[in-house]
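Sequence and predicted structure below; questions after.
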Amino acid sequence: MYNFSYFKCRFQTCELGIGGTPSLQGKGALVDILNADSQENRFFIFAQTPKQLLYYHEYAMPPQNDMFVMRAANNRVREFAGDQFEVITQADHPYVYVVIDANPDEPLVAIENCKICKRAKDEVRMVLEYSFSRDLGTVGWKVKLEPFEPKLEETSRITRLMAKINDPQDSERSLERMYGIKKTDFLIRNCLRSKAKRSAKRKSDEMRDYVLFSDKELVIELLDEELKKLRGAKNISRPVRFLQDHVVIDRATYEAFIKCYPYMKNRISPSRYNDYTNPEKKDHYKNDNLYYKYQETFSAILKDITE
């Protein structure tokens, strides 16, 4: 029998808010993030950047009816003295279960109470809240996980789902066996740094602050050359979106974009710009041959990134 603490997802609009109903737009975006992550179509980073908390996670089973079961483990190591008084460093990543039931209007989050680490529940809540708000911020939402005392009928779906898992809490639990130190330390940490860098520049009105590539001027100039040739909101947004999707630039505000390229002011409106550069809207340039031609246009940058 698993012992959980429960939290409600309270959706709030953030500075990029576009309006709408939290139980529809906010919850829908949350489900999209979890589905993409569980299918490995998009990597969801489980971290709280200001406190440098990073958790590994994996899915204990495929999503079932908008319900998600994760194993979450911290990335810490512990040191102890060996036989010859040498210091031995060893991974120490016990995991707890996290269940997200997205069926209610305000999704219910269950975090397992860990017998080994009493603060695990609070850390996981903090990390989950920050991570969801970070990714949902691109579509105008943030999340607050508030403690909740549910009734039996509100937790019955979670209880039935967890009954399918035979993993007693007092057994040895570790994710590093599944992930490997090389993958966790190299890939996840690099993604975390990239995300932190991108998030820090979100409110700037300088286009250069959104450029993630080392040679900022080259990116600004290449984009300038392409934009001068274009008319129409979708055409103008296409090279911008290409560079976003390839992590060359972050999603800049309309004000920063116009400040850098003032001749664009009468060619594209804020609403059109925000719509076409919204990373969650993947269908805008799906099967778009002109989009893929930018692979050659920006080849110098992309080659440097992949090498």
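Thanks, I have it.

How far off centre is stretch 55-70?
Distance of stretch 55-70 from its chain centroid, counting by C-alpha atoms, centre = their mean, to the nearest Å, is 15 Å.

Average pLDDT for that stretch, rounded please.
Across stretch 55-70, pLDDT averages out at 89.

Can you show me the CA trace of it as CSV?
Taking C-alpha atoms only, stretch 55-70 is exported to CSV below (Å, rounded to 0.1, in the frame of the first residue of the first chain):
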residue,chain,number,x,y,z
TYR,A,55,15.3,15.1,-10.4
TYR,A,56,15.5,12.2,-12.9
HIS,A,57,12.2,10.7,-13.9
GLU,A,58,10.8,7.9,-15.9
TYR,A,59,7.3,6.6,-16.5
ALA,A,60,6.3,3.4,-14.6
MET,A,61,3.7,2.6,-17.2
PRO,A,62,2.2,4.1,-20.4
PRO,A,63,-0.3,6.9,-19.8
GLN,A,64,-3.9,5.7,-19.1
ASN,A,65,-6.9,7.9,-19.6
ASP,A,66,-5.0,11.1,-18.8
MET,A,67,-3.3,9.5,-15.8
PHE,A,68,0.5,9.5,-15.5
VAL,A,69,2.7,7.5,-13.2
MET,A,70,6.3,8.6,-12.8
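
Kindly report the domain assignment for the protein.
For the chain, automatic domain parsing gives the domain ranges 4-199, 203-306.

Any chance of CSV for those, columns mean neighbour count?
Where you see a C-beta, it was placed from the backbone N, CA and C, and this is true even at glycine. Below are the domains of the chain laid out as CSV (neighbours: other C-beta atoms under 10 Å):
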stretch, mean neighbour count
domain 4-199, 16
domain 203-306, 16
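
And the helices in the stretch 151-300 of the chain?
Assigned by DSSP state H, counting those that start in this stretch, the stretch 151-300 of the chain shows helices spanning 152-162, 176-179, 181-182, 189-200, 216-227, 233-245, 254-260, 270-276, 289-297, 299-306.

typo on my end, it should be the stretch 1-150 of the chain
27-38, 120-136.

Can you flag the weakest of the domains of the chain by average pLDDT?
Mean pLDDT per stretch puts domain 4-199 lowest among these, at a mean of 76.

that older thread, with distance to Lys118 added, can I get the helices of the stretch 151-300 of the chain in JSON lines?
Compiled in JSON lines, those are given as follows (distance: least, C-beta to C-beta, whole Å):
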{"stretch": "helix 152-162", "distance to Lys118": "21"}
{"stretch": "helix 176-179", "distance to Lys118": "22"}
{"stretch": "helix 181-182", "distance to Lys118": "26"}
{"stretch": "helix 189-200", "distance to Lys118": "25"}
{"stretch": "helix 216-227", "distance to Lys118": "46"}
{"stretch": "helix 233-245", "distance to Lys118": "41"}
{"stretch": "helix 254-260", "distance to Lys118": "44"}
{"stretch": "helix 270-276", "distance to Lys118": "44"}
{"stretch": "helix 289-297", "distance to Lys118": "50"}
{"stretch": "helix 299-306", "distance to Lys118": "43"}
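
now Asn74, nearest residue through space, not along the chain?
Tyr55 (5.6 Å; C-beta to C-beta, 6 or more residues apart in numbering).

which residues touch the one you found?
Contacts here follow C-beta atoms under 8 Å, 6 or more residues apart in numbering; on that basis Tyr55 touches Phe46, Ala47, Ala72, Ala73, Asn74, Asn75, Glu123, Val124, Val127.

And for Val124?
Val124 neighbours (C-beta under 8 Å, 6+ apart): Tyr55, Ala72, Val96, Val98, Ile111.

hang on, Leu243 packs against Gln295?
No. In this structure, Leu243 is not within contact of Gln295 by C-beta atoms under 8 Å, at 11.3 Å.

returning to what we had before: go through the contacts of Tyr55 and name the one nearest Pro62.
Ala72 (17.3 Å; C-beta to C-beta).

Looks like the closest one contacts Val98 (just checking).
Yes. Between Ala72 and Val98 there is a contact at 5.1 Å, judged by C-beta under 8 Å.

joint contacts of those two?
Listed as contacting both Ala72 and Val98 by C-beta under 8 Å, 6+ apart are His57, Val124.

Relative to Ile268, how far out is Leu275?
Careful, residue 275 is Asp and not Leu. As defined by C-beta to C-beta, to the nearest Å, Asp275 lies at a distance of 10 Å from Ile268.

Now render the helices of the stretch 1-150 of the chain as a markdown table, adding distance to Leu230.
Conversion of these to a markdown table gives the following (distance: least, C-beta to C-beta, whole Å):
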| stretch | distance to Leu230 |
| --- | --- |
| helix 27-38 | 29 |
| helix 120-136 | 30 |
